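J.: Just the structure for this:
(2 chains)
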Protein chains: 2
Amino acid sequence: MKYCSQCGNTVSQTIPPGDNRPRHVCDGCGTIHYSNPNIIAGCLPVYGDRVLLCRRAIEPRLGFWTLPAGFMENGESTEQAAARETLEEARAQVRIGDLYTVTSIIHLNQVQMLYLAELDQPEFGPGDESLEVALFSEEQIPWDDLAFQTIRNALRFFFEDRRNDHFPLRHIELETKPGTYIAK
Amino acid sequence: MKYCSQCGNTVSQTIPPGDNRPRHVCDGCGTIHYSNPNIIAGCLPVYGDRVLLCRRAIEPRLGFWTLPAGFMENGESTEQAAARETLEEARAQVRIGDLYTVTSIIHLNQVQMLYLAELDQPEFGPGDESLEVALFSEEQIPWDDLAFQTIRNALRFFFEDRRNDHFPLRHIELETKPGTYIAK
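T.: The predicted structure is shown next:
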């Protein structure tokens, strides 16, 4: 950030009075511009014993498989965001169930929230951001071609939890070094 | 938003190619400026049979009681944010436990995430944003002087759940009309 979005003047990094960390503060009108983490909302859509995955048509990780997920927008709930992303990326209508994974991706300033979800019908297809969309049984999951560590975690937990028929909420912190994480 | 934070030029509201909603787009350099919901992280700190509340020293709702909570910052996890806010507002060290309420406050573009937490010692005091901090038993909760609907919900659920010794995650959507909400 170089310019104030309110008045167009330059901004400087300073700690405002009463604050304890540097912010972008306008040199002209004094507006404080905060930057905070974003929410990535998505789901793990299940149909029978299979899971719906999308192959990414966009960077990052173009060509790799992922669960439908994306930036939560203003004016919606986390569940609505998860359902909307699934409709957009996989052209699939899902019933959103329990919150399943909450991952703080600290180095990206993101919090990913994935819900369990059910497909009533095996109706889906690639949206603009997907090359293809398909259902996978546990044996068919393309583990080496998954787009993100967060997706690998969610799928690994899901198949493990399915054997116990118990799906506790998983809290995960992804640290600065990609690939390392603390799950609980 | 009136000016581009990258180049200082004016911005216009338009739907960028491949998008489906209006964004602030720079008339000069074309940068798309997204606006997304923020996370409010906090906790419900318990000591014995009592809960720690803070009386707000700042607007909104100055003088009313609340649970320690505030905007999640970049570079931290949701749990770290909840613990930091508790330290800042109540000068209390807590052990963060399970995620307890997730509230999509749709009209404010916020998602509030409150954790159950435990105080090991009854050591606390007002931080800069609090007038006073105190422990309350269920009978002592100042129900008519609570700052926010989200806090009322969390406390109501907590005392109800404590009778059953079972604290399921609560998902709540606060709709546009303050005071109305869907809980599940």
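
J.: hmm, the strand or helix carrying A:Tyr100 in reach of chain B?
T.: Here A:Tyr100, judged by DSSP states H and E, is contained in strand A:94-105. Yes - using Cβ under 8 Å from any Cβ of the partner chain, we find that strand A:94-105 touches chain B at A:98-99, A:102, A:104. All C-beta atoms are positioned from the backbone trio N, CA, C, and that covers glycine.

J.: Would you pull up how far the helix or strand A:Ala154 falls within lies from the middle of the chain?
T.: Assigned by DSSP H and E, A:Ala154 belongs to helix A:149-164. Here helix A:149-164 is found 15 Å from its chain centre; the criterion is Cα atoms, centre = their mean, to the nearest Å.

J.: Next, the buried residues of that helix.
T.: Across helix A:149-164, burial judged by 16 or more other Cβ atoms under 10 Å in any protein chain shown covers A:149-155, A:157-158.

J.: Check which helices and strands that helix sits against.
T.: Contact analysis of helix A:149-164 by 3 or more Cβ pairs under 8 Å, 6 or more residues apart in numbering or on different chains; DSSP states H and E lists strand A:38-47, strand A:94-105, strand A:110-119, strand A:170-174, strand A:181-183 as its packing neighbours.

J.: Name the stretch among those that sits most buried.
T.: Of the helices and strands packed on helix A:149-164, the one with the most neighbours on average (mean count of other Cβ atoms under 10 Å in any protein chain shown) is strand A:38-47, at a mean of 25.

J.: center of chain A, which residue is that?
T.: A:Ile40 (3.2 Å; Cα atoms, centre = their mean).

J.: contacting residues around that one?
T.: For A:Ile40, the contact set (Cβ atoms under 8 Å, 6 or more residues apart in numbering or on different chains) comprises A:69-72, A:105, A:110-113.

J.: how about a cut-off of 10 Å?
T.: Neighbouring residues of A:Ile40 by Cβ atoms under 10 Å, 6 or more residues apart in numbering or on different chains: A:69-72, A:81-82, A:85, A:103, A:105, A:108, A:110-114, A:148, A:150, B:36.

J.: That one - nearest residue in space that isn't next to it in sequence?
T.: Beyond its immediate neighbours in the sequence, the residue positioned closest to A:Ile40 (Cβ to Cβ, 6 or more residues apart in numbering or on different chains) is A:Gln112, lying 4.2 Å away.

J.: for the one you found, what are its contacts?
T.: A:38-42, A:67, A:69, A:101-105, A:148, A:150-151, A:153-154, A:172, A:174.

J.: what pLDDT does it get?
T.: The per-residue pLDDT reported for A:Gln112 equals 98.

J.: Look up the residues forming beta bridges with it.
T.: A:Ile40, A:Thr103 (DSSP bridges).

J.: distance of it from B:Gly30?
T.: Using Cβ to Cβ, to the nearest Å, A:Gln112 is found at 28 Å from B:Gly30.

J.: again with A:Gln6
T.: Distance from A:Gln6 to B:Gly30, by Cβ to Cβ: 20 Å.

J.: Identify the residue nearest the residue of chain A most remote from its centre in space, chain neighbours excluded?
T.: Distance from the C-alpha centroid of chain A peaks at A:Gly28, with 36.6 Å (Cα atoms, centre = their mean). Excluding the flanking residues, the one nearest A:Gly28 by Cβ to Cβ, 6+ apart is A:Asn9, at 3.1 Å.

J.: can you pull the contacts of the closest residue to A:Leu114 other than its chain neighbours?
T.: Counting by Cβ to Cβ, 6+ apart, A:Leu114 lies nearest to A:Thr101, which is 4.5 Å off, once chain neighbours are set aside. Each residue near A:Thr101 by Cβ under 10 Å, 6+ apart is listed here: A:42, A:44, A:67, A:112-116, A:150-151, A:153-154, A:157-158, A:169-172, A:183.
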